[in-house]
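> Here is a sequence with its predicted model. Questions after.
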Amino acid sequence: MSETVNTPPSATDLKSIETSQTFFQIVYSQFKEHTAAVIGAYLIVFFMLVAILAPAIEWATGTDSDSQNVFNRYKPPFTTVVAPQDVRENAIQTFIRTNPEEATKIQTALLAKNLVQPVRPEDALYDWVNLEKSKALETIQTIDTSKKAELIKMINNFQSFHLFGTDELGRDVLMRLVYGTRVSIGVGVLVAIASAVIGLIIGALAGYYGGIIDTVLMRVTDSLLSLPILPVLVVIAAIDLKKVLGGLVAVSQNLFGDAGGNLAQEFVNNIFSGGKESIYKLVFILCLFSWMTVARLIRGAILSLREREFILASKTLGATDYTIIVRHMFPNVVAPLLVSVTLGVGDSILFEAALSYLGLGIQPPMPSWGNMLFNAQELIYQAPFLAVLPGILIFLVVVSFNFLGDGLQDAIDPKTVRR
C-alpha cells in the first residue's frame, strides 16, 4: 500500500495562520459563509438605494407617481400610453396663454411653411400638437423659436412607457412601488431602531438594578407580550388621532394657558401637515408593541454581565451606575441587539403591510406596499399584477432581513466563531 504524503503548508499559509484577526474580521469572514445572508444583504442594499434615489428614478423615467389618467386604467405591464386629445389641447392652451407672442410667431411659421392645414389660422398649434409624435417633433425642428426645447419636452411627455402597467387611477405602478419602498422600509427601520432603544433602556434598568424595578418593568413587559398583537394593533389604529390630539390641546390650554395651548396646537398642525399623520400614527403604534422582546433579551445579557469581574472592578473604583451601564455594559450587548434590530425590521414591515392592507395603516394617496395590496384586493382577476408585485416585494424584503439576522447571529455567536 502506498503511504499518503502530507504536503507541508506553504509560507503564505503559515503567514495567514500566524496573522491575528480582529473580532470584526472574524465576524465578516463567518458572515460571508452564510450565502443566504449575503444575498439578503445585497437585496437590502438594493432596496435602500431605490428608496433613497426615488426622485432620481422618477426624473429618469419621466413619470410621476401621483399623476392620474383615468383613460388609461389597468394597463398591463410593458405598455406605452399616449395622452388623449383633451390633455394635449389643454397643454398647448396653457403654453399659448403663458407665451402669447411666441405662440403667434410659431403659428405664423407653421402656416407659412404649410406644415399644418387648420380650419382657422389660430388653430395651427392645436393641429400641430395632435400630430403623431415623430411628425410633430420633425415639424417643430424646422421652426426657429426660443421655446423649441419646451415644446419638444411637451410632446415627449404625451407618450409614456409603463414598465409595470398602471393602477386603478391610471398612475404608474413602477413609481408607486418605488415610493412605496421608501415608506415601507422607512417605517420598518424606524420602528426597529426606536424599539431597540426603548428595549435597551428598559432591559438595562431591569437587569442592572433588579429588585422592585426589575419586577415592575418585567411584569409590564410580560403583560404586553401576552396580548394578541395584531388585534390590538387593529383596535388602536382605528382610533382617530385628531380627536386625541385635540384633547391634548385643550388640556395644555387649561394647564398652561394660551401659550401652552398655542404651542400644543402648533405641534398638532406640524403632525397633520403634508398628509403624513398616518405614518406618525403607525410608527407610534408599532413602537408601542415592538420593544418587549428586545427588553427581555437585554435584561438577560445584563444579568450575566453585572457579576463579571470587570463590572465589580468598576464598582470598586467608584464608577457611577450610569458609567457602568453605558460605557461597560452597552458595548457588550450590541451584538445581540443588532441581531434583534435586523429581525425586527422584517416584523415591522409585515405589520405595516397588514394594517395598510386592512385600511388602517398608511393612507392614500401616499403609496406603501400594504395599501397597494388593499387597493388591488378587488381587482385580483381584472389586474392581478397590482396585487402580485407589492406582494413579491414584501416577501423579498422580509425574507432578506430574516436571512441577514440569521447570518449576523451565526457570525457573532461566540460558539460558532472559529478563531
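Structure received.

> Quick check on Gln363: phi, psi?
phi -100, psi 140 (degrees, to the nearest 10).

> Grab the nearest non-local neighbour of it.
Distance criterion C-beta to C-beta, 6 or more residues apart in numbering; nearest residue to Gln363, sequence neighbours excluded, is Ser278 at 4.2 Å. C-beta: built from backbone N, CA, C; applies to glycine.

> now do Thr80
Phe161 (5.1 Å).

> Tell me the pLDDT of that neighbour.
On pLDDT, Phe161 comes in at 85.

> before we move on, what about the one 5 residues further on?
In this model, Thr166 is scored at 88, pLDDT.

> Quick one: residues contacting the closest residue to it other than its chain neighbours.
Counting by C-beta to C-beta, 6+ apart, the nearest residue to Thr166 once its immediate chain neighbours are dropped is Lys75, at 4.3 Å. Applying C-beta atoms under 8 Å, 6 or more residues apart in numbering, one finds that Lys75 lies in contact with Val81, His162, Gly165, Thr166, Gly170.

> Buried residues in the longest helix seen in the chain, which are they?
Assignment by DSSP state H gives helix 173-209 as the longest helix of the chain. Neighbour counts over helix 173-209 (16 or more other C-beta atoms under 10 Å) mark 173-192, 194-196, 198-208 as buried.

> Packing partners of it?
Helix 173-209 makes packing contacts with helix 35-52, helix 54-61, helix 211-225, helix 277-288, helix 292-305, helix 334-357, helix 369-376, helix 385-412 when contacts are defined by 3 or more C-beta pairs under 8 Å, 6 or more residues apart in numbering; DSSP states H and E.

> how far away is the closest residue to Phe351 other than its chain neighbours from Val216?
Of all residues not flanking Phe351 in the chain, Leu286 sits nearest, at 5.7 Å (C-beta to C-beta, 6+ apart). As judged by C-beta to C-beta, to the nearest Å, Leu286 and Val216 stand 24 Å apart.

> Give me the more crowded residue out of these two.
Legend: neighbour count by other C-beta atoms under 10 Å for Leu286 and Val216, higher for Leu286 (28 against 11).

> just to revisit the earlier point, what secondary structure does the residue nearest to Thr166 sit in?
Secondary structure, DSSP: H, G, I helix; E, B strand; the rest coil: Lys75 is coil.

> how about it, phi and psi?
phi -70, psi 140.

> neighbours around Trp128, how many?
23.

> likewise Ser223?
For Ser223, the neighbour count with other C-beta under 10 Å is 10.

> any idea how far it is from Ala196?
Ser223 is 21 Å from Ala196, where distance means C-beta to C-beta.

> Check whether Glu89 really touches Trp128, as I assumed.
No. Glu89 is beyond contact range of Trp128, at 11.1 Å (criterion: C-beta atoms under 8 Å).

> As a markdown table, the helices and strands packed on helix 173-209 with mean pLDDT would be great.
As requested, these are exported to a markdown table (pLDDT from 0 to 100):
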| stretch | mean pLDDT |
| --- | --- |
| helix 35-52 | 93 |
| helix 54-61 | 88 |
| helix 211-225 | 91 |
| helix 277-288 | 82 |
| helix 292-305 | 90 |
| helix 334-357 | 84 |
| helix 369-376 | 86 |
| helix 385-412 | 89 |
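
> Tell me the gap between stretch 94-103 and the middle of its chain.
Remark: stretch 94-103 is offset 41 Å from the chain centroid, using C-alpha atoms, centre = their mean, to the nearest Å.

> In that stretch, which residues are buried?
Neighbour-count burial for stretch 94-103, counted by 16+ other C-beta under 10 Å, picks out Phe95, Ile96, Asn99, Glu102, Ala103.

> With stretch 313-325 instead?
Those would be Ser314, Ile324, Ile325, for stretch 313-325 by 16+ other C-beta under 10 Å.

> nearest residue to the second one other than its sequence neighbours?
The shortest distance from Ile324 to any residue other than its chain neighbours is 5.2 Å, reached at Ser314 (C-beta to C-beta, 6+ apart).

> Ends of stretch 199-219, what's the gap?
The first and last residues of stretch 199-219 sit 14 Å apart, counting by C-alpha to C-alpha, to the nearest Å.

> Cool, thanks, signing off.
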